[in-house]
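1. mind looking at a prediction? Sequence and model below.
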Amino acid sequence: EGGLPTLSLTMPGSATNVRIDEPSISLVGINPSELDITTVTLILDAAAEAAGVALQIITDQGGQLFEARPAGAPQDAGGRKVPVELPGSTSTLWLYGPLPQRKLERIAAALSHSARLRSATGVQEKALDAERQRLSLVFDFSENVNQLARRDALIERFLGDITRILRAREGTFFALDPRRKDLYIHSHHGSRDEVVENFRLEIGEGIAGAVAQDGQPRIVNDAEACPEYVPKNNPIHNIICAPVRVQNRLIGVVNVNDRADGRRPFTNRDLKLLTSLARLGGVALENARLYTEVRELLLGTVDSLVSAIDAKGALFAGHSRRVAFLCGEMAERLDLDDEERDRLRIAALLHDVGNLAVPSAILGKEGPLDVEEAAQVKEHPALGARILSPVRQLKHALPGILDHHERYDGRGYPRRLKGDEISLQGRLVAIAETFDAITHHRPHRKARSAATARREITAHAGTQFDPALVPVFEEVYRRLDLEEVGVDELLPSTEPELDF
């Protein structure tokens, strides 16, 4: 122990004392942010309590990182050691205690497996927070554009939101002066007034002027090396820039500068978000006179965020969009109103968002899942609803996300709902998802034909699926000729209007 300070605690509901040598954890190269110490201590505590002996995690040199000692455990009982792997460790670690070799190996395996899962989940949760922020921004902004009558207030809201979400230093709106045919700074966020005062650019001058000239958004992650960059009295490291149009008429350019003080590059996803919001802002600046434009842009932004779900693996790419398309076709046959169709489409697009919190190693595993892995996968509907519940504008789409693995006979999950207890969104998504899952490759099986998928769905009407909705699906199947035509061929284009 060498005099280093340790943390000593007693686990709730246990008489076992757990000692954690935090300085030694850092010395062996473990990053505390990569290791869930609670998971390690809980498993070590449970194993020590069950066996009635002290267990330790030690280094090659015998230094002690963790110790779990139940009340009454014998002192100096000797023992043996087996290797144990913990995330982030650059040294060999050992589980030590007076137990048989096989038993120590099982405890070490449980420690390694659980610590890896928790570490992977922590990384996913950070990514989810960022995605949730982006999604919340888009919905908040679209909800308020028509309520902001003053142009200045709307632009200030836009610049503040986009700068915060992109974690950038400043945002600037260059307005087009129709008389002088140049750009001037109409509004700014995060810049000093003296820096932007009287700052103007000719069309074609600088990065913003180039965007105004050719209408193409840009990412510049090394401003000083960019020939278009015009250095003034405000040094900039990296920039993303997009045009703002109203009815295809340029009215200005939005700049967002210096992500994380220039240390992190902007990405194409950042540019897509900025470009989408720039289009939405242009509609708002025209007093949002076309509700349909705002509605379609909003839904399109949700659709673009589905890329984060598809990125969990190539085998899942396009799944959410195909499910949303089939749900839309069934909604049309059911004559749902526009509001209900929008809610269903969002629920279908985001129904698997909970999979972002499930380790990719489990989702992509070839062969059957073990009990623990299957339990994690079954958590994804509830995880998805929990992830999106803070976004209040999505509350009407949460039922479809939560219910899409319920069964009509009550044997589904996560709540074992039955019949009409299951939301209409959930019952429709269940049918569409099953068809898509059967007709596409998965890690544990090959794709089967559309005809096979149709027979499976029909055979399970009244057990897995709503018997009143299965005929609706069959009508869609026949009308779209899904036996011959793949759903991917029927999807509307997802290409952005601007080429970047």
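-> Looks like it arrived, so ask away. Numbering: from 1, shown residues only.
2. for residue 433, what are its contacts?
-> 319, 323, 351, 404 (C-beta atoms under 8 Å, 6 or more residues apart in numbering). Backbone N, C-alpha and C define where each C-beta goes, glycine included.
3. top of the residues you listed by number of neighbours, please.
-> residue 351 (33 neighbours; other C-beta atoms under 10 Å).
4. gap between that residue and residue 192?
-> Counting by C-beta to C-beta, to the nearest Å, the separation of residue 351 from residue 192 is 46 Å.
5. what about the contacts of residue 433, which are in helices?
-> 319, 323 (DSSP state H).
6. now the contacts of residue 433 in CSV, with distance to residue 450?
-> Shown next, in CSV, are these (distance: C-beta to C-beta, whole Å):
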residue, distance to residue 450
319, 15
323, 15
351, 21
404, 20
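7. from the contacts of residue 433, which is closest to residue 185?
-> Residue 185 has its nearest neighbour among the contacts of residue 433 in residue 351, at 43.2 Å by C-beta to C-beta.
8. check what pLDDT the closest one gets.
-> Per-residue pLDDT puts residue 351 at 93.
9. need the contact list for it.
-> Here residue 351 is in contact with 320, 323, 381, 384, 400-401, 404, 429, 433 (criterion: C-beta under 8 Å, 6+ apart).
10. re the thing from before, farthest pair within the contacts of residue 433?
-> Farthest apart among the contacts of residue 433 by C-beta to C-beta are 319 and 404. That separation is 12.2 Å.
11. report the secondary structure state of residue 489.
-> helix (DSSP: H, G, I helix; E, B strand; the rest coil).
12. give me the neighbour count for it.
-> Other residues within reach of residue 489, judged by other C-beta under 10 Å, total 8.
13. and the pLDDT for residue 147?
-> On the pLDDT scale, residue 147 gets 56.
14. same deal with residue 130?
-> pLDDT at residue 130 comes out at 67.
15. same check, this time on residue 125
-> In this model, residue 125 is scored at 63, pLDDT.
16. please, where are all the helices along the stretch 251-400 of the chain?
-> Ranges of helices in the stretch 251-400 of the chain, per DSSP state H, counting those that start in this stretch, are 268-285, 291-310, 319-333, 338-349, 360-363, 371-378, 380-388, 398-403.
17. what residues of the fifth one count as buried?
-> Buried residues in helix 360-363, counting neighbours by 16 or more other C-beta atoms under 10 Å, are found at 362-363.
18. what's that helix packed up against?
-> Identification of packing neighbours for helix 360-363 by 3 or more C-beta pairs under 8 Å, 6 or more residues apart in numbering; DSSP states H and E yields helix 371-378.
19. by how many degrees do the helix it packs on and helix 380-388 diverge?
-> 50 degrees (axes from the mean of the first three to the mean of the last three C-alpha atoms, to 10 degrees).
20. buried ones in helix 371-378?
-> So for helix 371-378, counting by 16+ other C-beta under 10 Å, buried means 373, 376-378.
21. for stretch 58-76, same thing?
-> Within stretch 58-76, the residues scored as buried using 16+ other C-beta under 10 Å are 58-59, 63-70, 73.
22. what do you get for stretch 156-169?
-> Applying a neighbour-count criterion of 16+ other C-beta under 10 Å, one finds 156-159, 161-163, 165-166, 168-169 buried in stretch 156-169.
23. with stretch 413-424 instead?
-> For stretch 413-424, the neighbour count (16+ other C-beta under 10 Å) marks 413-414, 417, 422-424 as buried.
24. again, but for stretch 89-107
-> Quick answer for stretch 89-107 (16+ other C-beta under 10 Å): 89, 93-99, 104, 107.
25. can I get those in a markdown table with pLDDT and secondary structure?
-> Shown next, in a markdown table, are the buried residues of stretch 89-107 (pLDDT from 0 to 100; DSSP: H, G, I helix; E, B strand; the rest coil):
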| residue | pLDDT | secondary structure |
| --- | --- | --- |
| 89 | 72 | coil |
| 93 | 87 | strand |
| 94 | 90 | strand |
| 95 | 90 | strand |
| 96 | 91 | strand |
| 97 | 90 | strand |
| 98 | 91 | coil |
| 99 | 90 | coil |
| 104 | 90 | helix |
| 107 | 88 | helix |
